[in-house]
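Asks: structure of the sequence below:
(chains A and B)
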Amino acid sequence: MTVANDTPDELLMAYADGEASVDEAARVEAAVERDAALADRLAMFMETRGLADAFPLGPVPADLRTNVEAMIAGGAGQSPDGAGPADRAAPAENVVPLRPQAGRPKMPHWAMAVAASVLGLAIGIGAFFATGEMAGRESADATTPATSGVARLAALPLAQAMAIPSGDEQEIAGQRVRTISTFRNGAGALCREFEAAAADLVTGVACHANGAWSVDFALAEPLPSDDYVPASGTELLDAYLATIEAGPPLDPSEEGEALGKAD
Amino acid sequence: MTIDRERMGPMLIASLPTLRRFALSLARQSDIADDLVQAACERALLNASSFEHGTRFEAWMFRIVRNLWIDRIRRSKTQSAVPVEDGQNVVGEDGEALAIARLELSDTAAAILELPEEQREVVMLVCVEDLSYAEAASVIGAPIGTVMSRLARARTRLAALLRDSGINATPRRSASKGKRKA
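Replies: Numbers count the residues shown, from 1 in each chain, chains lettered A, B, ... in the order given. Okay, here's the model as predicted:
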């Protein structure tokens, strides 16, 4: 066994970074003294830290700073530019009525104002799109055909869609379904962000509760063109994720385990 | 103890340059980086109460920026800046962005931008932003051992890239139509 095998890169690096324990530091110092190659490795690690000067902080663009200052000054319920939130919000006939729930955080109005190109939006807590309920609501309201927009999700077998690993796509009930990520909300429930593409693109968030998946957020937008254009509804979705205190995305193994338990 | 929106505002403004640098290292395009920073600030303000006083604010913000970036990659397969697998050279679709970066950044910074994403982020967090291994682990949601093995590989590769650029300093392509950072 050579000295190098006893002194892995991680240990040399931890020493260079001041993260080695006293014992480890003694091991490194003794090993480096005996082995010039190790000394070179250690020098390399010492030269590749403290690189802040190599990557100087640039000036913050005025737009970015102004926008962030407006957000800070605006607070909840204020549009950053002072315009009425209703002015630029999605047309009323395309917005499925919200199901208000006491004690839940509300979407800030400035977040609603970004949804200029949104075709349809539904935000509710609970089994909004559970089997039957949405269909009943649709026939009563008869405002939107159930084949387009957010109502399309009523026809989607959710349990099947929610079994797709994040990043994969599957054709289900005439819709191209792609799961984006899996995470836990502030209440600890397992939730998934997904997209369902047909005539338009619906982005949804479904959470698992009482043994079943239900869609809590859905946003319909025109299908993106070939050129990459960031979806304008993304900010709305981000704001929604923030209100439900979405945690970080689970990694693939955590996701597999969590989804296995949810079924 | 938590902090409220009012106290978070000045912290956000003060950290904008740092957040932007980290976002730029992930996205490697300044317009996307600015979008990420702005979205991260929105999320931070909405979640101000979940920031734990006494922990490092930048680390909390880096985590938000990174999560937004991962979401963004997953949402758009057509985006040029796809996640780069370990060992794969990133020059290609991103060649232009990197060429621009080379004009404006030091050799070291340009070399960092050429690292695969999982190596780039740990180098940024530890070697540039000076986070501890434990803080970096909390940002990327991985064990400290994972941070250390990625970081050791990243620095080995970074040193090799710098050595190569010393020998072969010819730019890969012209960046004449590149837009400069504001």
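
Asks: what does stretch B:19-32 rub up against?
Replies: A:55, A:57-58, A:60-61, A:64, B:33-34, B:36-37, B:40-41, B:58, B:61-62, B:65-66, B:69, B:72, B:81, B:94, B:97-98, B:101, B:112-113, B:117, B:120-121, B:124-125, B:128-129, B:181-182 (Cβ atoms under 8 Å, 6 or more residues apart in numbering or on different chains). Placement of C-beta: from N, CA and C, glycine included.

Asks: how far is it from where the chain is centred?
Replies: The chain centre lies 6 Å from the centre of stretch B:19-32; the measure is Cα atoms, centre = their mean, to the nearest Å.

Asks: buried sites along it?
Replies: Across stretch B:19-32, burial judged by 16 or more other Cβ atoms under 10 Å in any protein chain shown covers B:19-30, B:32.

Asks: before we move on, what about stretch A:184-194?
Replies: A:184-185, A:190-194.

Asks: okay, now the domains of chain A?
Replies: Following automatic domain parsing, one gets these domains for chain A: A:3-54, A:82-262.

Asks: how about the helices in chain A?
Replies: For chain A, the helices defined by DSSP state H cover A:3-6, A:9-16, A:22-34, A:36-47, A:62-74, A:109-112, A:133-141, A:158-161, A:234-243, A:252-262.

Asks: mean neighbour count, distance to chain B and mean pLDDT for these - can I get that in JSON lines?
Replies: JSON lines is the format used below for the helices of chain A (neighbours: other Cβ atoms under 10 Å in any protein chain shown; distance: least, Cβ to the nearest Cβ, whole Å; pLDDT from 0 to 100):
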{"stretch": "helix A:3-6", "mean neighbour count": "12", "distance to chain B": "13", "mean pLDDT": "54"}
{"stretch": "helix A:9-16", "mean neighbour count": "22", "distance to chain B": "4", "mean pLDDT": "94"}
{"stretch": "helix A:22-34", "mean neighbour count": "14", "distance to chain B": "12", "mean pLDDT": "91"}
{"stretch": "helix A:36-47", "mean neighbour count": "16", "distance to chain B": "5", "mean pLDDT": "91"}
{"stretch": "helix A:62-74", "mean neighbour count": "16", "distance to chain B": "4", "mean pLDDT": "91"}
{"stretch": "helix A:109-112", "mean neighbour count": "21", "distance to chain B": "8", "mean pLDDT": "44"}
{"stretch": "helix A:133-141", "mean neighbour count": "14", "distance to chain B": "25", "mean pLDDT": "40"}
{"stretch": "helix A:158-161", "mean neighbour count": "18", "distance to chain B": "16", "mean pLDDT": "88"}
{"stretch": "helix A:234-243", "mean neighbour count": "22", "distance to chain B": "4", "mean pLDDT": "75"}
{"stretch": "helix A:252-262", "mean neighbour count": "14", "distance to chain B": "9", "mean pLDDT": "88"}
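
Asks: so which of those helices gets nearest B:Glu135?
Replies: B:Glu135 lies closest, by Cβ to Cβ, to one member of these: helix A:9-16, at 14.5 Å.

Asks: excluding chain neighbours, what is closest to A:Gly186?
Replies: Distances taken as Cβ to Cβ, 6 or more residues apart in numbering or on different chains place A:Glu245 nearest to A:Gly186, at 2.9 Å, with adjacent residues excluded.

Asks: show the backbone phi and psi for that neighbour.
Replies: phi 50, psi 50 (degrees, to the nearest 10).

Asks: mind checking the SS state of the nearest residue to A:Asn67 once chain neighbours are set aside?
Replies: Nearest residue to A:Asn67, sequence neighbours excluded (Cβ to Cβ, 6+ apart): B:Gln38, at 5.5 Å. Assigned with DSSP: H, G, I helix; E, B strand; the rest coil, B:Gln38 falls in the helix class.
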